[in-house]
Every structure is written in structure tokens, then in C-alpha cells.
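Engineer: A structural model of the following input is requested.
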Amino acid sequence: MGVVAPNGIGVENFWDSLVHGRSGIKAVSRFDVSSYPSKIAGEIQDFDPVDYLDSKSARRIDRFSQFAVACSRMALTDSQISLEKIENDSIGTAIGSSFGGAPQAEEQHSIFMEKGLDRVYPLLSTRFFTGSCMNNVCIALGIKGPCYSISTGCATGADNIGLAFHMIRDGKIDLMLTGAVEAPIFPLTFGSFGLIGILSTKNDPPHKTPKPFDKHRDGIVLSEGGAVLMVEDFHHAQNRGAKIYAEIVGFGTTHDAYHLTQPAPDGRQAEKAIRLALEDATIPPEEIDHVCAHGSATVLNDKLETMVIKRIFNSKVKSILVTATESMIGHPLGAAGAMKVAASALAIKLGIVPPTINYEHPDPDCDLNYVPNKSIRKELNFAVCNSFSFGGKNSILILKRFLG
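Structural biologist: Okay, here's the model as predicted:
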């Protein structure tokens with residue numbers, strides 16, 4: 001796995017921050033937010049693309065693509081797969097983004113309006129479309145296998161990993177680099193989320209928000225980053241003695257077909273997506289120990305997600321440990337699902353459930369065990385990773401502990 005997150009670059013730093021409940025939320029530093037209601041974000045302030053790319057290539061690609069290359073290089077190193085020793089078309093890619101290089105287009109549009117077309121960056125058209133992150137990974141690493149880049153809003157990470165899972169399970173390929181990346185923190189892009197009223201305005205101190213499932217939650221904190229996983233055929237991994245974090249065993253996806261920003265109030269399609277993932281994994285709900293929640297900290301979504309979890313797990317629901325990693329990393333849009341899978345795989349591998357921080361005031365509508373503020377040691381067998389997107393997309397992945 002490879003991770004670039006507001007609270008840590010690299011798997012070890014990311015995990016250390018999660019288990020110790022360290023937030024990566026700070027005051028926005030890249031532009032003036034004095035006129036914005038929300039003044040905080042999950043910025044990654046110590047990322048240097050030349051640690052992963054030569055300086056020329058780093059200048060030519062957008063920040064979200066830089067994240068993708070960085071995460072992919074980390075994942076390759078972590079997997080101990082040498083590209084010099086295998087055919088470069090034996091690895092596939094499924095890496096996406098929801099916003100892509102929209103901030104780059106925003107910046108260049110201002111230049112275009114003020115100074116004319118001749119001053120626009122000449123490679124703009126190759127940089128901002130969402131699939132360019134996948135292209136840049138393939139070019140940087142020389143990967144020539146099947147390549148995909150799904151963009152489905154906040155479900156992007158889950159959908160790309162789900163595709164990779166099915167590609168491998170169907171025997172199409174043995175190895176897939178998969179995940180999602182985002183870099184949306186730019187004036188107009190950032191401000192557009194404020195216009196629809198979903199950003200937290202609890203600006204001081206920054207690390208005390210977002211507050212998933214807390215009674216005083218007031219919205220998401222926009223963030224950036226990404227995660228890329230090396231997903232591999234089970235027998236292929238065993239035969240080469242790979243380090244295995246966890247198994248992906250199920251994927252389910254549905255759509256509410258209800259509203260562009262609000263979840264369907266009955267939660268039936270979100271519930272169905274979880275049930276489809278459980279069916280895909282051929283396990284009953286009673287086997288699940290942990291839910292890595294969508295946990296966006298909006299009033300409606302957290303209440304709905306709690307309701308759905310209750311319906312799925314019934315009488316066992318109080319024993320399910322529910323974590324909202326977004327309490328520490330903010331909401332990295334399409335990258336959220338991939339970062340949740342990384343967190344859940346580590347939780348399963350190491351037997352530690354990260355906390356939901358900033359949980360201080362219980363809400364009668366959100367009354368599950370959210371692992372408040374302090375991690376818990378527990379052996380986990382199965383975890384559900386929830387991703388619910390703008391527009392009503394629901395995508396669920398199920399992980400299993402590797403018994404090797």
C-alpha cells in the first residue's frame with residue numbers, strides 16, 4: 001500500500017497518526033479564506049513530488065497525479081515486486097479521482113481571462129481530466145496492462161478497488177495497482193462546497209472538527225491525498241511469499257436515484273449495497289466485527305448511516321466497532337474510499353481499531369460504538385468499508401483477515 005494523507009505520508013506515518021488519534025486538519029494556508037465561512041482543510045504541507053518523480057516530470061503533471069505516482073511507487077516498494085523482473089503488461093491499473101485537476105483548470109482560466117490564451121500552460125488539456133492520474137502512473141512506472149480510471153464522486157476509490165477485485169477474481173490479471181487520489185483545495189473548488197452548506201465552520205481550533213456522529217457535527221472538512229493498493233491474486237501472492245495485509249472478499253454498489261446532494265431518507269439502496277457486498281463475500285452479517293464508516297460528519301449522512309448499520313446488524317449492532325477515519329483526515333472526496341480500505345487492512349492485520357476523534361456529545365440518532373477518541377485492541381475477522389457519494393452512489397467493500 002501507499003498513502004499520502006494530511007496526517008501522514010507513507011503507510012507507517014498514516015497508521016501511527018490514526019491509532020493515536022492525530023488530526024491533519026489545519027487552517028487553510030494556500031489562499032486567502034477571510035471571506036469564506038469555512039477556513040480549514042486537510043492540506044498536505046510536507047509533500048515534495050521530486051521524492052517520487054524527476055523534477056521535469058513533476059512540473060509537467062498536476063498535484064493529484066503527483067499523489068498517484070507517489071502512492072503507486074510506495075505500493076510497489078511495499079509489495080516487493082520488481083518491475084525489472086516481470087512483464088510490464090502483467091500489472092493493471094484502476095486509479096481514479098472525482099475532481100481531477102479542476103483546481104489547475106481554475107488557475108489557468110484566470111490566466112486566460114487576464115492575459116490571453118498564449119499565456120495558458122500549453123499542457124493544460126493533458127493535466128486536468130480525471131483519468132490523467134492513471135496515465136501518469138503508467139508512464140512513470142512503465143506499466144502496460146489493463147488500465148481504468150473510474151470517477152464516481154466520493155465512491156471513486158471504492159469503485160476502482162471493486163473493479164480491480166473483480167478483474168482479478170475473474171482471472172483477467174493477477175496484479176492491479178488501484179485506488180484514488182484528490183487535490184481539490186483551491187479557491188473556487190473549495191468555495192463551491194461552502195456554497196451548498198456542507199463544510200464545517202467550526203474553524204477554531206481546526207483539529208476539533210470534523211465531528212462524525214457527534215451531536216454538534218456541522219459538516220465535512222475538505223481535504224486532499226490518496227491511497228493506492230497492490231491488489232493481487234491470492235495464489236499468486238502466496239506463491240511469491242508476499243506480505244498480505246488482508247483479503248478483499250466482497251463488493252456491492254447501488255444508486256439512490258434520489259437527489260444530487262442528499263441521501264435517500266429511507267436508506268434502502270445504501271442498505272442493499274452492503275447486503276450485495278455480503279452476498280458477494282458469501283458471509284452473513286453476524287461475521288462482521290468492524291465498520292469503517294463513511295462518517296462525513298454531515299447531519300443527514302451520519303444519521304442515515306447509523307440507521308443503515310442498525311438494520312444490517314440488528315441485535316449484534318452494539319458489538320460492531322465503527323470508525324470514522326475522516327475525523328482525522330477530513331474528507332478527501334474520491335480518495336476517501338481507498339484510504340478507508342488502507343486503514344481497515346491495517347486494522348485487520350495489526351488488531352487495532354482506530355478511534356473516531358472529536359466525539360464528545362452523544363446524539364440520540366447516532367448511538368453506536370464509534371470507538372470514541374481512543375483506539376481499541378481487538379482481533380478482527382471481517383471489516384466493511386462504506387463509501388456514499390454525492391448523487392446517491394453507494395459502494396461497499398468487505399475485507400477479511402488473512403489466516404496464513
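Engineer: What does the residue lying closest to residue 131 once chain neighbours are set aside show for phi and psi?
Structural biologist: Of all residues beyond its chain neighbours, the one nearest residue 131 is residue 149 (3.7 Å), with distances taken as CB to CB, 6 or more residues apart in numbering. C-beta: built from backbone N, CA, C; applies to glycine. Main-chain torsions, residue 149, degrees, to the nearest 10: phi -150, psi 100.
Engineer: what do you get for the one 10 residues further on?
Structural biologist: The phi and psi torsions at residue 159 (degrees, to the nearest 10) take the values phi -70, psi -40.
Engineer: Surely it touches residue 394?
Structural biologist: No - counting by CB atoms under 8 Å, residue 394 is not a contact partner of residue 159; they are 10.5 Å apart.
Engineer: Buried residues, the worst-scoring helix or strand of the chain on mean pLDDT. List them.
Structural biologist: Every helix and strand of the chain was ranked by mean pLDDT, DSSP states H and E. The lowest is helix 124-127, at a mean of 83. By neighbour count, with 16 or more other CB atoms under 10 Å as the criterion, the buried positions of helix 124-127 are 124, 126-127.
Engineer: Show me what secondary structure element comes after that helix.
Structural biologist: Towards the C-terminus, the helix or strand next in line after helix 124-127, according to DSSP states H and E, is helix 132-141.
Engineer: Can you give me every residue that contacts residue 88?
Structural biologist: 142-145 (CB atoms under 8 Å, 6 or more residues apart in numbering).
Engineer: Quick check: of the residues you listed, which lies closest to residue 338?
Structural biologist: Distance to residue 338 across these (CB to CB) is lowest for residue 143, with 17.7 Å.
Engineer: ok, the closest one touching residue 93?
Structural biologist: Yes - under the criterion of CB under 8 Å, residue 143 lies in contact with residue 93, with a separation of 6.0 Å.
Engineer: Which neighbours do these two have in common?
Structural biologist: Between them, residue 143 and residue 93 share these contacting residues under CB under 8 Å, 6+ apart: 137, 177.
Engineer: more neighbours, those two?
Structural biologist: Using other CB atoms under 10 Å, the more surrounded residue of residue 143 and residue 93 is residue 93, with 28 against 22.
Engineer: and the gap between the closest residue in space to residue 213 that isn't next to it in sequence and residue 285?
Structural biologist: In space, and not counting its chain neighbours, residue 213 is closest to residue 366: 4.1 Å by CB to CB, 6+ apart. Remark: distance between residue 366 and residue 285 (CB to CB, to the nearest Å) = 20 Å.
Engineer: Neighbour count for the two, which is higher?
Structural biologist: Here residue 366 and residue 285 are compared on neighbour count by other CB under 10 Å; more neighbours surround residue 366, at 22 against 18.
Engineer: who touches residue 187 in this structure?
Structural biologist: For residue 187, counting by CB under 8 Å, 6+ apart, the contacting residues are 31, 106.
Engineer: pLDDT averaged over stretch 311-323, what's the number?
Structural biologist: Stretch 311-323 shows a mean pLDDT of 96.
Engineer: Next, the buried residues of that stretch.
Structural biologist: Judged by neighbour count using 16+ other CB under 10 Å, the buried positions of stretch 311-323 are 311-313, 317, 320-323.
Engineer: cool, and stretch 143-158?
Structural biologist: So for stretch 143-158, counting by 16+ other CB under 10 Å, buried means 143, 145-158.
Engineer: Just the terminal-to-terminal distance for that stretch.
Structural biologist: End-to-end distance of stretch 143-158 (CA to CA, to the nearest Å): 22 Å.
Engineer: now do stretch 184-204
Structural biologist: The distance separating the two terminal residues of stretch 184-204, taken as CA to CA, comes to 22 Å.
Engineer: likewise stretch 230-249?
Structural biologist: 15 Å.
Engineer: Name the SS class of the residue nearest to the spatial centre of the chain, please.
Structural biologist: The central residue of the chain, meaning the one whose C-alpha is nearest the mean C-alpha position (CA atoms, centre = their mean), is residue 336 at 2.0 Å. Here residue 336 is helix, with the state taken from DSSP: H, G, I helix; E, B strand; the rest coil.
Engineer: Against residue 223, how distant is it?
Structural biologist: Noted for residue 336: a distance of 9 Å to residue 223, by CB to CB.
Engineer: re earlier: residue 274 versus the residue nearest to residue 131, what's the distance?
Structural biologist: Noted for residue 149: a distance of 25 Å to residue 274, by CB to CB.
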